[in-house]
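Asker: Below are the sequence and a predicted model; questions follow.
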Amino acid sequence: MNTIKQYSCYFILLVFQLGLANPSDNILLQKGWNALVKDNENEAFRYFWMANEKANKEHNTADKAEALLYLGICSFGSSLEKGLQFATKSLAEFKKLETSNPNQSSIGRSKCLQLISTIYSRQSKHQEAIKMSREVVRLLKNKNDTSGTLGLAYTSLGILYEKERRKDSIETLFLLALKDFEAHKNVAYLPNAYLKIGKIAQQKNQKEISFSYFNKAMGISRSTENKQGQVSCLLAIGKWYSEFDHNNTKAENLYHEANQIAQSLSDKIFEIKSLEALIEIKKQEGKFKEVSEMQSQLLSIQNNFYSLERAQIVKSLEVQFDVAEKNRQLALISKEKKVTQLTNSILFIGIVVLIVIFGISYFFLKKINGRDKQLLKKNEEMVAILEHQKILKAQQFQNDIEHKESQLSAITLQMLQKNELLNEIKTNIEKSLPIGEVQLLKMVNKHLNQKNSWNDFDTYFEGINKNFYIRLKQNYPEISTNDLKICALIKLNLSIKEMATILNISPDSVKTARYRLRKKLQVQTEENLTDFILKI
């Protein structure tokens, strides 16, 4: 009825899903490890896969090998074929490190072999698994390995010897494993080690000692949030209560608790074991209806877990691994022989082609380079000439501007001085008006008509301020000739008094003219008229 019973002696090997080393350098592997210890397989797989992708992009063989190993550890509990596939790929990556880092390659190979041994144990291939774990012990026994892999190999051999009924070395192997885990503080593996020693003590009828080991295992499992370890501990403690205290109620409660935790795990072996324990208790209590329901549930889980398709895929991957291992050294030699002849031919042809291409390329490049140098030299000369002409034009333009400005200033000053003089004469004459003096007054008024002076002024002003009058007339069609004169004087930044003298009007008249000009130009009250004119 219960087809899974053949796995009852070694299901605790599934703690290997917690990893074969605690990553210390790679941040993504560390995060994945922390998630895996807490049985968060999906989160752990995501971090391990990210580490694998990153290693691929960076061509980092060491990190890629580690990432693939952890992907295998994270996967095999729910999918043996995936676990074996990742382990095989990781083994190939560690092999690439044989020359550059032989120590890391050897330790990495040991981890992969131990993972494969665990998978073989799940498939009842005990001899193959024993062979793998013995190889791990041989590789790591005299090395300072802190990953816990050596302890796992001892544990694996102990469980396998127990299955093979070779009891002479079982306790010694478990004690060696415990010693290794305690020495390196591998808390992920200590629960399993304590459970195995506790079960040996239980078989010897050492009640208190066995219970003490079980409690140690449970304490570590709870503190590290190791759900798989908690399930294993609950099942072991439940069995202890059933055998020593004959307290089936306590045992049943512990089995139920184990089953609830196991349901959240991707590895269904734990749920199967908890259901088997519950079925055994229900049989003793004579509750056969509940036994039947649980057995149906158990059968459903078993059928899903051990499908024919999965077994075929696993078998195919096993063959790949065996072939890869047997031809590990011969593969490179065979590959080199096959490639040698083709490589020599391609190399010879390639050298000839490269020589021809190099010769032709050198000739054309030399010719092109010479022509480019000539063109570059001519371009540099042309640029120098144009730059010199540009400087000369800029100097000429600046000289013209300075000349016009000096002429404009001179005319403006002349107009200002002349009008000041004439206004002074006019003022004195107006005080007394004899007949002869009237005639003189007419002459002064005639000279105050500055048409010719204004023409000269406009000429020099327009020379400096190109199209100033045109822009004003285009933008403000209503503007008059006198308004243009006021705009020009404002542009020269003259005071109201100076403007009044030049225009031969009073300062108040200038202010009135400025006020009317502001309205025509639509200048707001708060805006400065002078600033506005200067911007035009």
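Answerer: Arrived safely, thanks for sending.

Asker: for the stretch 251-400 of the chain, what spans make up the helices?
Answerer: Assigned by DSSP state H, counting those that start in this stretch, the helices in the stretch 251-400 of the chain fall at 269-285, 288-305, 308-326, 330-430.

Asker: for the stretch 1-150 of the chain, same thing?
Answerer: All helices of the stretch 1-150 of the chain, identified by DSSP H, counting those that start in this stretch, fall at 27-37, 41-58, 61-75, 80-95, 102-122, 126-140, 149-163.

Asker: chain center to the third one, what's the gap?
Answerer: If I follow you right, that is helix 61-75. Between the centre of helix 61-75 and the centre of its host chain there is 21 Å, according to CA atoms, centre = their mean, to the nearest Å.

Asker: tilt between that helix and helix 41-58?
Answerer: When axes from the mean of the first three to the mean of the last three CA atoms, to 10 degrees is applied, the directions of helix 61-75 and helix 41-58 differ by 160 degrees.

Asker: Show residues contacting helix 61-75.
Answerer: Contact with helix 61-75 is made by 16-20, 23, 26, 28-29, 32-33, 36, 41, 44-45, 48-49, 51-52, 54-56, 82-87, 89-90, 93-94, 96-97, 101, 104, 108, 111-112, 115, as judged by CB atoms under 8 Å, 6 or more residues apart in numbering. Where you see a C-beta, it was placed from the backbone N, CA and C, and this is true even at glycine.

Asker: ok, of those residues, which come out buried?
Answerer: Restricting these to buried positions leaves 16-20, 23, 26, 28-29, 32-33, 36, 41, 44-45, 48-49, 51-52, 54-55, 82-87, 89-90, 93-94, 97, 104, 108, 111-112, 115, with burial counted as 16 or more other CB atoms under 10 Å.

Asker: which regions of this protein lie under the pLDDT threshold?
Answerer: Using pLDDT under 70 as the threshold, the predicted model of the chain has low-confidence ranges 1-24, 39, 168, 305-335, 394-425, 428-453.

Asker: hmm, try it at 80
Answerer: Regions of the chain meeting the criterion pLDDT under 80 cover residues 1-25, 37-39, 41, 77-78, 144-145, 164-169, 266-267, 302-341, 388-456, 460.

Asker: Give me the buried positions along stretch 483-499.
Answerer: The neighbour-count criterion (16+ other CB under 10 Å) identifies 483-492, 494, 496, 498-499 as the buried residues of stretch 483-499.

Asker: Give me the distance between the two termini of that stretch.
Answerer: Distance between the two ends of stretch 483-499: 12 Å, counting by CA to CA, to the nearest Å.

Asker: which other residues reach it?
Answerer: Counting by CB under 8 Å, 6+ apart, stretch 483-499 makes contact with 408, 412, 416, 454, 457-458, 461, 465, 468-469, 472-473, 479, 502-503, 507, 510-511, 513-514, 516-517, 520, 529-530, 533-534, 536, all of which sit outside it.

Asker: Just those residues: which are in helices?
Answerer: In this view, these that belong to helices under DSSP state H are 408, 412, 416, 454, 457-458, 461, 468-469, 472-473, 502-503, 507, 510-511, 513-514, 516-517, 520, 529-530, 533-534.

Asker: Please list only the buried members of these.
Answerer: 408, 412, 454, 457-458, 461, 468-469, 472, 502-503, 510, 513-514, 517, 529, 533.

Asker: Point out the one among the helices of the stretch 1-150 of the chain that comes closest to residue 290.
Answerer: Comparing these against residue 290 with CB to CB, the closest turns out to be helix 102-122 (28.9 Å).

Asker: Run the angle between the closest one and helix 269-285 for me.
Answerer: For helix 102-122 and helix 269-285, the angle between their directions (the same axes, to 10 degrees) works out to 30 degrees.

Asker: all numbers from here: first residue = 43
Answerer: Sure, I'll start numbering at 43, so the last one becomes helix 144-164.

Asker: Quick one: list the elements packing against helix 144-164.
Answerer: Contacts of helix 144-164 with other secondary structure elements, assessed using 3 or more CB pairs under 8 Å, 6 or more residues apart in numbering; DSSP states H and E, are made with helix 103-117, helix 122-137, helix 168-182, helix 191-205.

Asker: Could you tell me how far the third one lies from the centre of the chain?
Answerer: How far helix 168-182 lies from its chain's middle: 40 Å, per CA atoms, centre = their mean.

Asker: buried stuff in the helix or strand hosting residue 292?
Answerer: For residue 292, the element it lies in under DSSP states H and E is helix 290-305. Along helix 290-305, the positions that meet the burial threshold by neighbour count (16+ other CB under 10 Å) are 290, 293, 294, 296, 297, 298, 299, 300, 301, 303, 304.

Asker: likewise stretch 102-115?
Answerer: Of the residues in stretch 102-115, those scored as buried under the neighbour-count criterion (16+ other CB under 10 Å) are 103-115.

Asker: now these in a markdown table, with distance to residue 425?
Answerer: Rendered in a markdown table, the data for the buried residues of stretch 102-115 read as follows (distance: CB to CB, whole Å):
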| residue | distance to residue 425 |
| --- | --- |
| 103 | 54 |
| 104 | 56 |
| 105 | 54 |
| 106 | 55 |
| 107 | 60 |
| 108 | 60 |
| 109 | 58 |
| 110 | 61 |
| 111 | 65 |
| 112 | 64 |
| 113 | 63 |
| 114 | 67 |
| 115 | 69 |
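
Asker: just those now: which is nearest residue 285?
Answerer: Within these, distances to residue 285 taken as CB to CB reach their minimum at residue 115, with 33.2 Å.

Asker: What separation do you get for the closest one and residue 574?
Answerer: Residue 115 sits at a distance of 82 Å from residue 574 (criterion: CB to CB, to the nearest Å).
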